[in-house]
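Student: Sharing a sequence plus its predicted fold:
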Amino acid sequence: QTFIVIGAGILGASTAFHLAKSGAKVYLIDRNEPGQATDAAAGIICPWLTQRRNKAWYKLAKEGAKYYSTLIRLLEEDGETNTGYKKVGAISIHTDEMKLDKMEERAYKRKEDAPEIGEISRLSASSVKELFPPSADHFSAVHISGAARVNGRALRQSLVKAAQKNGAVIIQGNAELLFHDGKVQGAKVEGETYLADQIIVTAGAWANELLQPLGVNFLVSSQRGQIVHLRLTNTDTSNWPVIMPPNNQYILALEDGRIVIGTTHEDDKGFNRIVTAGGLHEIFDKALSIAPDLYDCEVVETRVGFRPFTPGFLPVIGPLPGFEGILVANGLGASGLTIGPYLGLELAKLALGKSVDIDLSLYDVDGAIE
Ligand code: FAD
């Protein structure tokens, strides 16, 4: 069977990797959108402390976090070791001990069916400072040893390279769908025609533009995220845990002394990739109130990406209603680094006609179509 995957963010790259690994013929097409969400994202894999009550979302996030260990092993077997993933643990900090009690309770409850959460422990303010030296003096924390950080750019590149090693053909350029009489047959890229048994659309925040010629109004919206990279010199940051503060921001460290802080969640900004005064103000203000010792860090860069959201704030996956030969997945929102690799695995299984481990009725594509 031949497959075309349109969109090589984390979702499409994972789908193409798993399809290629199964021996299928795969074309992976991407037009290198500069606002690709995956490329801008560096984030946390730690879904277990969330207060979000949506069970369908939690199922994907939990399975997603768990699947990483298998995925990283598969990538390493294919010689991809620079995956940007590391299980450094996370500390969820607070000044209110009662809030931390609740959080700890929640973590133990979640551990019952998610042993991958690892060790759960309580940290005093001095232990927090030991693990994360720039932090202010007054935060205690709950520590989760199974949490990880991942650099979206590095992981995506590993997935694409591994897909290629397994036979996938990578094509750069803008894809348009080829269809006739309700059947999608292939894609056209820069004048070239590619035909396949199934077309898989993982085009993130830009999916509507691709599907519109079919007469489909696909309801995906984009949420802008600005995220800042700082550099701390002469410090080995490679094992620093991810910091989850009481606000909606986070701080994490990459290998090379880079500290990533952010992010903004800005709706209704279209696809405008500017870095804004207000965005930077929010990011710096929140980060420095948590970690004042980052004050003298060099500012290296700000990345901007567009998170794809569907109306239910829940991913969708499945055939495009009313058409043959086309599957769609989208709506990874703010947790796509966590969910993307696993959803890509499931999407590949769906495309291959294998049974999937998720209840597809919970993530019906109909919900994202007007
Ligand atoms: P994208 O990564 O946006 O990929 C879509 C791709 O489709 C693009 O590469 C584009 O070029 C391509 N495309 C579109 N149309 C066409 C076409 N017609 N032809 C060819 N190619 C096309 N998630 C977490 O779990 N934890 C985090 O801590 C976290 N932090 C984040 C921080 C920031 C700043 C941002 C922006 C996101 C963050 N996320 C996080 C969310 C996560 O990054 C996204 O949910 C995820 O990357 C979405 O992946 P995607 O593959 O669906 O879309």
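Tutor: Arrived safely. Being a predicted model, the structure only gives us computed values, none of them experimental.
Student: So which bits of the stretch 151-300 of the chain are right by the ligand?
Tutor: With C-beta under 6 Å from any ligand atom as the criterion, the stretch 151-300 of the chain comes near the ligand at residues 152, 174-175, 202-206, 210, 225, 227, 262-263. The way it works is simple: take the backbone N, C-alpha and C, and place the C-beta from them, glycine included.
Student: and which of these is nearest to Asn166?
Tutor: Nearest to Asn166, judged by C-beta to C-beta, of those is Thr202 at 17.7 Å.
Student: any idea how far the closest residue in space to that closest one that isn't next to it in sequence is from Gln198?
Tutor: In space, and not counting its chain neighbours, Thr202 is closest to Gly12: 3.5 Å by C-beta to C-beta, 6 or more residues apart in numbering. Between Gly12 and Gln198 the computed distance is 13 Å (C-beta to C-beta, to the nearest Å).
Student: higher neighbour count, those two?
Tutor: Ranked by neighbour count (other C-beta atoms under 10 Å), Gly12 and Gln198 place Gly12 first, with 29 against 21.
Student: can you tell me which residues contact the more buried one?
Tutor: Counting by C-beta atoms under 8 Å, 6 or more residues apart in numbering, Gly12 touches 5-6, 28, 30, 200, 202-203, 344.
Student: what about Asp113, is that helix, strand or coil?
Tutor: coil (DSSP: H, G, I helix; E, B strand; the rest coil).
Student: which parts of stretch 98-111 are buried?
Tutor: 100, 103-104, 106-107, 110-111 (16 or more other C-beta atoms under 10 Å).
Student: following the least confident helix or strand in the chain by mean pLDDT, which helix or strand shows up next?
Tutor: Ranking every helix and strand in the chain by mean pLDDT, DSSP states H and E puts strand 42-45 at the bottom, with a mean of 92. Note on strand 42-45: by DSSP states H and E, the next helix or strand toward the C-terminus is helix 55-77.
Student: Identify the residues contacting that following helix?
Tutor: Taking C-beta under 8 Å, 6+ apart as the rule, helix 55-77 contacts 14, 21, 45-48, 50, 52, 81, 83, 85, 110, 114, 116, 146, 148, 150, 158-159, 162, 313-315, 335, 338-343, 345, 357-359, 362-363.
Student: Kindly export that helix (C-alpha atoms) in PDB.
Tutor: Extracted in PDB, the C-alpha atoms of helix 55-77 (Å, rounded to 0.1, in the frame of the first residue of the first chain):
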ATOM      1  CA  LYS A  55     -11.100  11.800  30.200                       C
ATOM      2  CA  ALA A  56     -10.800  11.500  26.500                       C
ATOM      3  CA  TRP A  57      -8.000  14.000  26.500                       C
ATOM      4  CA  TYR A  58      -6.300  12.400  29.600                       C
ATOM      5  CA  LYS A  59      -6.300   9.000  27.900                       C
ATOM      6  CA  LEU A  60      -4.300  10.400  24.900                       C
ATOM      7  CA  ALA A  61      -1.900  12.400  27.200                       C
ATOM      8  CA  LYS A  62      -1.300   9.500  29.500                       C
ATOM      9  CA  GLU A  63      -0.700   7.000  26.700                       C
ATOM     10  CA  GLY A  64       1.400   9.600  24.900                       C
ATOM     11  CA  ALA A  65       3.700  10.100  27.900                       C
ATOM     12  CA  LYS A  66       4.000   6.400  28.300                       C
ATOM     13  CA  TYR A  67       4.700   5.700  24.700                       C
ATOM     14  CA  TYR A  68       7.900   7.900  24.600                       C
ATOM     15  CA  SER A  69      10.100   5.200  26.100                       C
ATOM     16  CA  THR A  70       9.200   2.800  23.300                       C
ATOM     17  CA  LEU A  71       9.500   5.500  20.700                       C
ATOM     18  CA  ILE A  72      12.900   6.600  21.800                       C
ATOM     19  CA  ARG A  73      14.200   3.000  21.800                       C
ATOM     20  CA  LEU A  74      12.900   2.500  18.200                       C
ATOM     21  CA  LEU A  75      14.600   5.700  17.100                       C
ATOM     22  CA  GLU A  76      17.800   4.600  18.800                       C
ATOM     23  CA  GLU A  77      17.600   1.300  17.000                       C
END
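Student: re earlier: ok, and which of the buried residues of stretch 98-111 reach the ligand?
Tutor: Okay, of the buried residues of stretch 98-111, nothing touches the ligand (C-beta under 6 Å from any ligand atom).
Student: For the ligand, give me its nearest residue in the stretch 201-350 of the chain.
Tutor: Closest residue of the stretch 201-350 of the chain to the ligand, C-beta to the nearest ligand atom: Gly336 (1.9 Å).
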